[in-house]
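Colleague: Got a predicted structure plus its sequence, pasted below:
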Amino acid sequence: MTNDKEELIAYLRSPTAIRERCGQLFALVIEGQSRYFTCDLTQLTKVADYVVEVMRGEYPDLEIPFHSRWRHFEVGGVSRLTQLDSQLAGLTPLEKAAAKFDLAIVSVLLDAGAGNDWRYDEQETGLNLVRSEGLAVASFQMFCQGAFSSHNLPQVDAQRLQVFTEAELKAGFQVNTNNPLVGIPGRLKLLQKLGQVLVDSPNLFGNENPRPGNLVNYLLGKSQNGQLAATTVFNAVLEGLSEIWPSRLEIAGVNLGDVWQHPAVADDGLVPFHKLSQWLTYSLLEPLQELGLVITGLDALTGLPEYRNGGLCIDLGLINPKHPDVLRRRSPPQASPHSVGSEVIVEWRALTVILLDQIAATVRQKLGMSPEELPLVKILQGGTWTAGRKIAAELRIAGTSPIQIDSDGTVF
């Protein structure tokens, strides 16, 4: 591989590239050159006010945790993490962190949109859960039962993942003809490919008994004076897991992952997002903090360009579709959902990245807080994701996305 290609791959894997390329599409919309959207920045204050209202309702003291998979494990006020800690009792702090990495990585990879018709009945609590929380609890229970371990332990190992079956995945998620889950084949392939990349990257995941949790050891080696940059975790996630994503765009045989094309973007036309990889990065920070590491540079990472954050911007008039076909609310055969790689979805996601930064700055200004006191990862939690779900539930049956997307289970 030439140096130029290596440099381009490294650039496309950086938060800098995400913001720069998304910024080009944001400028296109602001200049009135988009075929799909306009952007009304006069609504920014209204959106920030709504987000602050939601934040104060959820976290009156504004002591907001990170937006991560760990929040979903707490759904219904059930102390599932206490259950996990009791299962991990007797392990060293490092072994506990490795187990929590195992759980977070598998659970996030299984987290893409569930669709509107899927439910998970948690036998232990009697709760009926949907969407991300349902997926989280299903994967949590599978993990605690040893479903991802060759030795039936609350762990994940490469050997087990490589032979995981569709029947096992359906059973774990309670999928049947009356309870369909979007993207089962895509989710299964992610698990199986994860098993393979664990074996292929011993520098990250260990030589003997490769497992996701061994990434803890790699990251500890990257820390300095008890500090670790968030981008270092992000880089490790992208380096270690890039090969699990379905083959989309490649450069010199390297899978770029959540990177798409748009003709209005300069140079190569590529727009990176790395939504699930950043969501995973955010979800790995807390086990590292439990080891005593201080995470630096949190706001280098971007907001997550998915349908809750993007939906908030549309539902409150910050982003406005230029014509009805953008929304495609009608059912087939009259109108089909947009593909993830379509120009309209790429633009929507790009606008979301840039507008989340602007919403965050406005929220901090209203609350008199600094980026250190209220980093973007807390605003997402408090915050824009929660507000996006809330306004969607008020406007549409089942709180569906304002724009219909054909997801393969590996992007959102």
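Modeller: Nice, I can see it.

Colleague: excluding its backbone neighbours, what's nearest F26?
Modeller: I354 (4.2 Å; CB to CB, 6 or more residues apart in numbering). All C-beta spots, glycine's among them, are computed from the backbone N, C-alpha and C.

Colleague: hmm, I was thinking of L129
Modeller: For L129, the spatially nearest residue (CB to CB, 6+ apart) is Y120, at 4.8 Å.

Colleague: Ramachandran angles for the one you found?
Modeller: phi -130, psi 120 (degrees, to the nearest 10).

Colleague: Which residues are in contact with it?
Modeller: Residues in contact with Y120 (CB atoms under 8 Å, 6 or more residues apart in numbering) are 128-130, 134-135, 137-138, 173-174.

Colleague: Tell me the one of the residues you listed nearest L181?
Modeller: Set against L181, the nearest of the contacts of Y120 by CB to CB is F173 (5.5 Å).

Colleague: Tell me the confidence at S331?
Modeller: For S331, the model assigns a pLDDT of 49.

Colleague: Likewise for L351?
Modeller: At L351, pLDDT is 98.

Colleague: what's the answer for S34, then?
Modeller: pLDDT recorded at S34 is 98.

Colleague: so what's it up against?
Modeller: 25, 28, 322, 347.

Colleague: cool, and S150?
Modeller: Applying CB under 8 Å, 6+ apart, the residues contacting S150 are 157, 159-160.

Colleague: on that earlier part again, my read is that the residue nearest to F26 contacts E20, right?
Modeller: No: between I354 and E20 there is no contact, the gap being 10.3 Å when judged by CB atoms under 8 Å.

Colleague: quick one, phi psi at E124?
Modeller: phi -60, psi -30.

Colleague: show me where pLDDT drops low in the stretch 251-400 of the chain?
Modeller: 328-335 (pLDDT under 70).

Colleague: Strands of that one, residue ranges please.
Modeller: For the stretch 251-400 of the chain, applying DSSP state E, counting those that start in this stretch gives strands covering 254-255, 259-261, 270-272, 294-296, 319-321, 338-339.

Colleague: for the ones you listed, which one ends up most surrounded?
Modeller: Compared across these, strand 270-272 shows the largest average neighbour count, a mean of 24 (mean count of other CB atoms under 10 Å).

Colleague: ok, that one: who's next to it in the sheet?
Modeller: Under the criterion DSSP bridges, strand 270-272 sits next to strand 259-261 (antiparallel) in its sheet.

Colleague: out of the contacts of S150, which are buried?
Modeller: 157, 160 (16 or more other CB atoms under 10 Å).

Colleague: which ones among the contacts of S150 are found in helices?
Modeller: Members of those lying in helices (criterion: DSSP state H): 159-160.

Colleague: Which one of the contacts of S150 is nearest to V182?
Modeller: R160 (24.2 Å).

Colleague: N152 is in contact with the closest one, correct?
Modeller: No: assessed by CB under 8 Å, R160 is found out of contact with N152, at 9.5 Å.

Colleague: Which parts of the stretch 301-412 of the chain are helices?
Modeller: Applying DSSP state H, counting those that start in this stretch to the stretch 301-412 of the chain gives helices spanning 307-315, 343-367, 376-379, 385-395.

Colleague: and stretch 171-180, which residues are buried?
Modeller: Neighbour-count burial for stretch 171-180 [16+ other CB under 10 Å]: 172-175.

Colleague: Could you save those as JSON lines and add columns showing secondary structure, distance to F148 and pLDDT?
Modeller: JSON lines is the format used below for those (DSSP: H, G, I helix; E, B strand; the rest coil; distance: CB to CB, whole Å; pLDDT from 0 to 100):
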{"residue": "G172", "secondary structure": "helix", "distance to F148": "9", "pLDDT": "97"}
{"residue": "F173", "secondary structure": "coil", "distance to F148": "13", "pLDDT": "97"}
{"residue": "Q174", "secondary structure": "coil", "distance to F148": "17", "pLDDT": "98"}
{"residue": "V175", "secondary structure": "coil", "distance to F148": "17", "pLDDT": "96"}
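
Colleague: nearest residue to L169 other than its sequence neighbours?
Modeller: L188 (5.3 Å).

Colleague: Which secondary structure state does the one you found sit in?
Modeller: What DSSP: H, G, I helix; E, B strand; the rest coil gives for L188 is helix.

Colleague: What degree of burial does it show, as a neighbour count?
Modeller: By the criterion of other CB atoms under 10 Å, L188 has 19 neighbours.

Colleague: what does E63 give?
Modeller: Using other CB under 10 Å, the number of residues around E63 comes to 7.

Colleague: And it, how close does it get to R364?
Modeller: 16 Å (CB to CB, to the nearest Å).

Colleague: go on, A264?
Modeller: 31 Å.

Colleague: same thing with L44?
Modeller: Relative to R364, and taking CB to CB, L44 is found at 13 Å.

Colleague: Over to F26?
Modeller: 20 Å.

Colleague: Which one of these two is surrounded by more residues?
Modeller: F26 (23 against 18).

Colleague: my hunch is that that one is in a helix, does that hold up?
Modeller: Yes: secondary structure of F26 (three-state DSSP): part of a helix.

Colleague: Can you tell me the closest non-neighbouring residue to W348?
Modeller: Per CB to CB, 6+ apart, closest to W348 is G310, 5.3 Å.

Colleague: meant to ask about W118, not that
Modeller: The nearest residue in space to W118 (CB to CB, 6+ apart) is L181, at 4.5 Å.

Colleague: How about V363?
Modeller: A48 (5.0 Å).

Colleague: you'd agree that neighbour is up against L367?
Modeller: No: using CB under 8 Å, A48 is not in contact with L367, being 9.5 Å away.

Colleague: neighbour count winner among these two?
Modeller: A48 (24 against 16).

Colleague: Can you check the pLDDT for the more buried one?
Modeller: A48 is given a pLDDT of 98.
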